[in-house]
Every structure is written in C-alpha cells, then in structure tokens.
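1. fold the following and give me the result.
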Amino acid sequence: MLKNQPQPDWPEPIVRVQSLSENCIDSIPERYIKPSTDRPSIRSSNFDDANIPIIDLGGLFGADQRVSDSILRQISEACKEWGFFQVTNHGVSPDLMDKARETWRQFFHMPMEVKQQYANSPKTYEGYGSRLGIEKGAILDWSDYYFLHYLPLPLKDYNKWPASPPSCRKVFDEYGRELVKLCGRLMKALSINLGLDEKILQNGFGGEDIGACLRVNFYPKCPRPELTLGLSSHSDPGGMTMLLPDDQVPGLQVRKCDNWITVKPARHAFIVNIGDQIQVLSNAIYKSVEHRVIVNSDKERVSLAFFYNPKSDIPIEPIKELVTPEKPSLYPAMTFDEYRLFIRMRGPRGKSQVESLKSPR
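-> Residues are numbered from 1 along each chain as shown. The predicted structure is shown next:
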C-alpha cells in the first residue's frame, strides 16, 4: 500500500472485551452472540475422550536412527490425520515457557491507560487489539490480543513492544529465538516426510529469511460462554504455528470428522499446527485444519501463538517435486503478503479462504 494513500481504520469504536467481562454480570452484548450453528455444543460425543497426538521429540535427529525414524513417522501421521499435534522434550526451557505466559498475563492486567498506548490498527494489526477484520457490524469474538512482529529484523520494532512489565521485551526476545530454532527442526522433519531433501520446505519459505510473529490471546471470563467464541473457526493463514496454551484452562477446539474436539494440553508442551502456506507448498498432502476457541465463565485464559511464516514477498505455490500429471498443482502462486491482506479484510472464516484459491480442474 502506498504511503500517501489513506489507511483504513476500524469501522466502529473499539470496545475492550476485558472491560465488558468486568461489567457484564449475566448477559453479553448482542455483537458477541454467534449464530446458533456456530455456538459451542454442550452435547457429548464419541470424541469427548479424544486428544491430538502427543509426540516426544527427545530423539529427533539424534544418534539412534531408529528412534529418529519413529518420531518422523509419528509427525507424518499426525500431520496427515490431524494437522495438529503436541510436542514434549522440544528443547525450550519450561521456566522460559512459564515466564513468557505469565509476563503477558501481567500485561493484560495493567491499567487500561497503559495498554491503550499500544492500541493497534487494521494496517498491520501490531499492538493491542480486540477485533479481526474490518467488516462493519460483524459479530465479534470474546477476546483481546497483542500482536507483534519478530522477524524479519526490519519489522522488529521495540517501540511496539510493551515497556511494562519491564521483563516483557527481554523474555520475548529469548522466547522468539528458541521457537525459531524449534520450528526449523520441525520444518526439516516435515520436508523429509514429504520425500524431499530436508531443506526444500525451508527454502520454499525463503531459506533463513523468513517471517515470524506472535499473537498473545487473552480470553476474559464470560457470563454466557455457550453463546459466543473466544476465536471463531479458522485455519491459520501462515506456515506453522507453535501454541503455548494455558495448560490450566482448556479452550482450543480442533475440527475432526465434523466434530469439535477440545484439546487437553500436556504440561509444558507446545501445540503445533499446519498453516495454509504449508498446505499450498505441499500441494495439499499436508492440510491446515479448522480450529476455534471456547471461553469459560469462571476463569480467564492466556495463550501465546507463535507464527512461523514464509518471507512475505516471494510467491508461494506447490513445490515442483510434488506436482505430477496425476496430481497437478492445486494452487496459483500468491505471496504471503497478498494472502494475509486477503484474510485481514474478511476476518476468520473457517477454511473458505485457502479452499477458494484452488485452481479449477
């Protein structure tokens, strides 16, 4: 977008959901009430005891090839069957994980005038926000958030990062470094499982010149959780997501066989999921999966979603080794910048965005 062009702003005054939570006793504003078809189901199902796979990464790419091969198989099956999995023994310090989540919880409990200094706009979403998409009159989600760029370095602006609590910038810098390393290991595994050289998928992202950002989600208590969602159904538009959940308060739900499964977080595990860009690069061998977040009447939730993305200005299309006469390319080339704008204008809408890009057969 050219600098001399007017920048879009939010279509209506922004209301912080945390403030609504503190003032709503037994009802919520109509703007947050979802259509009956989108509300959380309270009925039980055959999937109530199901959970996404939990994979111990301790021996991945280690000296014992049999252990490494077993882990690779588990990752492959999880990607193809679920699009989601949890990882333990991933190399990130549990203390750093706890510190990152609790530091951000402290931010959301800062005075409103402190948080408002970082209020965001639809241009980049960077900063303190309370809605996605710019559709006037849209039904909103019951959540506030903070969005930050980590990579590439020219986008990393400490002025956009909270100065309070004082540890926030230092903690997130360390957290970001560790997650970039972990994502690199998983990209290598995904590439090998596609039958490719271990660097091919990473090269499709732009090599080492990738993008990374963080969205901290704050889901306040809600007096009518059966009527709304913390985050509407969507698939992640980027490459791969590493979610640090609130392991005391479940809320993430993953779609499986037309059922919504509430993920049971393992202690000090990350929840990993495939994004739309890997679906495109893999020519839909790996698929991004719809997920959503439910809210709680008694407890707030804080989670950190770290997005590992392609370089924003290179065309993303199916890797040539995965395109055959039997399975031609399913998607046209599109940069991540173009795709991200496509998503931002509409807000979360299931998997309709990536599916709408498929080339006619």
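
2. N89 and G58 touch, don't they?
-> Yes. Using Cβ atoms under 8 Å, N89 is in contact with G58, at 3.7 Å. Where you see a C-beta, it was placed from the backbone N, CA and C, and this is true even at glycine.

3. Q86 in helix, strand or coil?
-> strand (DSSP: H, G, I helix; E, B strand; the rest coil).

4. can you pull the contacts of K170?
-> Under the criterion of Cβ atoms under 8 Å, 6 or more residues apart in numbering, K170 has no neighbours.

5. let's have the chain start at 43 instead
-> All set: I'll call the first residue 43, so the last point we hit is now K212.

6. my read is it is in a helix, agree?
-> Yes. K212 forms part of a helix when assessed by three-state DSSP.

7. for this protein, just list every one of the helices.
-> 59-65, 107-123, 136-150, 154-158, 210-235, 242-246, 318-323, 378-386, 394-398 (DSSP state H).

8. next, the angle helix 136-150 makes with the fifth one.
-> Here helix 210-235 runs at an angle of 130 degrees relative to helix 136-150 (axes from the mean of the first three to the mean of the last three Cα atoms, to 10 degrees).

9. next, the angle helix 107-123 makes with helix 210-235.
-> Going by the same axes, to 10 degrees, helix 210-235 makes 100 degrees with helix 107-123.

10. how far away is the residue lying closest to S163 once chain neighbours are set aside from Y200?
-> Distances taken as Cβ to Cβ, 6 or more residues apart in numbering place D51 nearest to S163, at 6.1 Å, with adjacent residues excluded. Distance of D51 to Y200, computed by Cβ to Cβ, to the nearest Å: 24 Å.

11. ditto for D140
-> Taking Cβ to Cβ, one finds D140 at 23 Å from Y200.

12. so for the two, which residue has more residues nearby?
-> D140 (13 against 10; other Cβ atoms under 10 Å).

13. how far away is that one from K157?
-> For D140, the distance to K157 - Cβ to Cβ - is 22 Å.

14. where do the strands sit along the protein?
-> Under the criterion DSSP state E, the chain contains strands at 96-98, 126-130, 169-171, 186-193, 253-261, 273-276, 282-286, 294-298, 301-304, 312-316, 333-335, 343-351, 357-358, 376-377.

15. between strand 343-351 and the fifth one, find me the angle.
-> It stands for strand 253-261. Put simply, strand 253-261 runs at 160 degrees to strand 343-351, going by the same axes, to 10 degrees.

16. what about the residue nearest to S163, neighbour count?
-> D51: 11 neighbours (other Cβ under 10 Å).

17. how about low-confidence regions in the chain?
-> 43-50, 84-91, 385-403 (pLDDT under 70).

18. now the farthest one out in it, which residue is it?
-> P367 (33.5 Å; Cα atoms, centre = their mean).

19. quick one on the thing from earlier: CSV for the helices of the chain, including distance to A311?
-> Shown next, in CSV, are these (distance: least, Cβ to Cβ, whole Å):
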stretch, distance to A311
helix 59-65, 27
helix 107-123, 13
helix 136-150, 9
helix 154-158, 29
helix 210-235, 12
helix 242-246, 23
helix 318-323, 20
helix 378-386, 27
helix 394-398, 27
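
20. out of these, which is closest to G253?
-> Closest to G253 of the helices of the chain is helix 378-386 (Cβ to Cβ; 7.0 Å).

21. just checking, what packs against that closest one?
-> When contacts are defined as 3 or more Cβ pairs under 8 Å, 6 or more residues apart in numbering; DSSP states H and E, helix 378-386 sits against helix 318-323, helix 394-398.

22. and the angle from it to strand 343-351?
-> Using the same axes, to 10 degrees: helix 378-386 against strand 343-351 is 140 degrees.

23. contacts for helix 378-386, please.
-> Residues contacting helix 378-386 (Cβ under 8 Å, 6+ apart): 164, 167, 174-176, 253, 279-280, 318-319, 351-356, 358, 395.

24. list only buried entries from the residues you listed.
-> 164, 167, 174-176, 253, 279-280, 318-319, 351-354, 356, 358, 395 (16 or more other Cβ atoms under 10 Å).

25. got the contact list for C255?
-> Per Cβ under 8 Å, 6+ apart, neighbours of C255: F189, L190, H191, Y192, L193, F348, F349, N351.

26. a markdown table please, covering those residues and showing distance to S83.
-> Formatted as a markdown table, the contacts of C255 follow (distance: Cβ to Cβ, whole Å):
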| residue | distance to S83 |
| --- | --- |
| F189 | 29 |
| L190 | 34 |
| H191 | 36 |
| Y192 | 36 |
| L193 | 38 |
| F348 | 29 |
| F349 | 28 |
| N351 | 32 |
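
27. and which of those is nearest H333?
-> Out of the contacts of C255, the member with the shortest distance to H333 (by Cβ to Cβ) is F349, at 13.8 Å.

28. could you measure from the closest one over to S185?
-> Relative to S185, and taking Cβ to Cβ, F349 is found at 17 Å.

29. okay, the two: which has more neighbours?
-> Shown here are F349 and S185; by other Cβ under 10 Å, S185 has more neighbours (27 against 24).

30. pop out the phi and psi values for that one.
-> phi -170, psi 150 (degrees, to the nearest 10).
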